[in-house]
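Colleague: pasting the sequence and the predicted coordinates here, then a few questions.
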Amino acid sequence: MDNIKIAIVGVGNCACSLIQGIHYYREKSPQNATGLMHWEIGGYTPGDIEVVAAFDVDKRKVGTDVHEAIFSDPNCTAVFCPDVPKSGVAVQMGRVLDGFSEHMNHYDEKRTFVLANEPEQTEEEIVKILKDSGAEILLNYLPVGSEEATRFYADCVLKAGLAFVNNIPVFIASDPEGSWARRFEEAGLPLIGDDIKAQLGATITHRALTDLFAKRGVKLERTYQLNTGGNTDFLNMLDQTRLASKRVSKTEAVQAVAARRLEDDNIHVGPSDYVPWQNDNKVCFIRMEGKLFGDVPMNLELRLSVEDSPNSAGVAIDSIRCAKLALSRGQGGILKAPSAYFCKHPLQQFTDDEAFQMIEHFIHGD
């Protein structure tokens, strides 16, 4: 079979981990391939993915081969596959819109974006690049808070005839008005979203514990999740005006599996601070307070430390192959099972056990 051809918007740490992973697993066999949820989906293994187009706005990446750009500043994630060969695909200048927060100008260039002095692409130019590249799926890795920019690229995707995997907390698949879902369904194009749920990160861990409280009859009374990191994602999120959708996405992911919904004052979930020396390492602190048998109080505290971007790539590698599977089946609109399993804020929330069964049925065509 031909490779799955993908395009990427935002050549940051997540794209770096994904592309490294594609090449890392090409050298593996099913018997020694650890760190994957699925070795094969629809006949495709991780190494069967190919980046054919990429967009960014950073001067150190625009015009550079995408396989070199992933190791450019301010990217700071773990390098686990350093010998990625050149792709022959240059990173194209994209559209800035609200994809860049002005406060990023006040930090050292090694830590922040540096806007390229290049003309921004028009919608028509981006659509043409996507069509000419042969891309089948576009992955959105724009910074949190890029509401206008995400909608711009979603429009481009529809006009170019691609599937869309929305990895950030801008509500496209989960748009309450359903306009994006209708447009993708009418176009016969798959849509997965919104906001990627890491392989074993803060959200999935918090959900699992919340579900455990519910199943074991423990009344959850209050909880918080505090996250710190030192990558550009955390630096970008210091601008509180960009965090509204992110907080909703992460909070609803936890509320959805609670036995009863917590009052707003009793739940706090979201990014907390930027710690430069952490780089791409994300540290999560979770506290849960509840009552056991006889209303006897208890509490639980957990500290989780993970490399943020490989944690994301472990899910993206499956999202891509599920989107390809839907394309081959002629299935358009929201992919309910992949969205429920891979995303924090799908249109409809399910427990993780339910979502796991759903994704297995989807993959096997049941």
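Modeller: Perfect, I can see it now.

Colleague: ranges for the strands of the stretch 151-300 of the chain?
Modeller: Taking DSSP state E, counting those that start in this stretch as the test, the strands found in the stretch 151-300 of the chain are 163-166, 190-192, 219-229, 267-274, 281-291, 297-307.

Colleague: list the neighbouring strands of the fifth one plus their orientation.
Modeller: So the one you mean is strand 281-291. Applying DSSP bridges to the sheet, strand 281-291 is found paired with strand 219-229 (antiparallel), strand 297-307 (antiparallel).

Colleague: including mean neighbour count and mean pLDDT, could these go into CSV?
Modeller: In short, each C-beta sits where N, CA and C put it, glycine included. Compiled in CSV, these are given as follows (neighbours: other Cβ atoms under 10 Å; pLDDT from 0 to 100):
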stretch, mean neighbour count, mean pLDDT
strand 219-229, 19, 98
strand 297-307, 13, 98
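
Colleague: using CSV, lay out the ones you listed together with distance to A202.
Modeller: What follows is the strands paired with strand 281-291, written out as CSV (distance: least, Cβ to Cβ, whole Å):
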stretch, distance to A202
strand 219-229, 6
strand 297-307, 6
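
Colleague: scan the protein for its longest helix.
Modeller: Ordering each helix of the chain by length in residues (DSSP state H) puts helix 308-329 first.

Colleague: tell me which residues are up against the helix or strand just after that helix.
Modeller: Counting by DSSP states H and E, the element after helix 308-329 in chain order, helix or strand, is strand 333-334. Residues from elsewhere that reach strand 333-334 (Cβ atoms under 8 Å, 6 or more residues apart in numbering): A173, A181, R182, F184, E185, L189, P190, L191, I192, G193, P346, L347.

Colleague: in this structure, which spans are helices?
Modeller: 13-26, 66-69, 123-133, 147-160, 179-187, 202-215, 232-236, 244-255, 308-329, 336-342, 352-363.

Colleague: ok so, going back, now the strands of the stretch 151-300 of the chain in JSON lines, with distance to V254?
Modeller: Formatted as JSON lines, the strands of the stretch 151-300 of the chain follow (distance: least, Cβ to Cβ, whole Å):
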{"stretch": "strand 163-166", "distance to V254": "20"}
{"stretch": "strand 190-192", "distance to V254": "21"}
{"stretch": "strand 219-229", "distance to V254": "7"}
{"stretch": "strand 267-274", "distance to V254": "6"}
{"stretch": "strand 281-291", "distance to V254": "10"}
{"stretch": "strand 297-307", "distance to V254": "13"}
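
Colleague: nearest to F55, of the ones you listed?
Modeller: Closest approach to F55 among the strands of the stretch 151-300 of the chain is made by strand 163-166 (13.9 Å; Cβ to Cβ).

Colleague: partner strands of the closest one, with direction?
Modeller: Each strand paired with strand 163-166, and its direction, by DSSP bridges: strand 137-140 (parallel), strand 190-192 (parallel).

Colleague: show residues contacting it.
Modeller: Contacts of strand 163-166 (Cβ under 8 Å, 6+ apart): 136-140, 150, 154, 157, 172-173, 184, 189-195, 316, 319-320, 323-324, 326-327.

Colleague: sketch out the low-pLDDT regions of the stretch 1-150 of the chain for me.
Modeller: Judged against pLDDT under 70, the stretch 1-150 of the chain has no low-scoring part.

Colleague: isn't L304 right next to I286, touching?
Modeller: Yes: counting by Cβ atoms under 8 Å, L304 does reach I286; the two are 7.3 Å apart.

Colleague: related to what we said a few turns ago, tell me which of the strands paired with strand 163-166 sits most buried.
Modeller: Highest mean neighbour count of the strands paired with strand 163-166: strand 190-192, a mean of 30 (counted as mean count of other Cβ atoms under 10 Å).

Colleague: touching it from outside, list them.
Modeller: So strand 190-192 is contacted by 163-166, 172-173, 180-181, 184, 319, 322-323, 326-327, 331-335, 338-339, 342-343 (Cβ under 8 Å, 6+ apart).

Colleague: same deal with stretch 264-282?
Modeller: Here stretch 264-282 makes contact (Cβ under 8 Å, 6+ apart) with 13, 76-78, 111, 201-202, 206, 221-231, 234-235, 237-238, 243, 246-247, 250-251, 253-255, 283, 305-309, 311.

Colleague: how about a cut-off of 6 Å?
Modeller: 13, 76-77, 222-231, 234-235, 237-238, 247, 250-251, 254, 306-309 (Cβ atoms under 6 Å, 6 or more residues apart in numbering).

Colleague: mind checking how far the closest residue in space to K246 that isn't next to it in sequence is from P190?
Modeller: Nearest-residue entry for K246: P169, 4.6 Å, with adjacent residues in sequence omitted and distances by Cβ to Cβ, 6 or more residues apart in numbering. Going from P169 to P190 by Cβ to Cβ, to the nearest Å gives 20 Å.

Colleague: nothing else from me, thank you.
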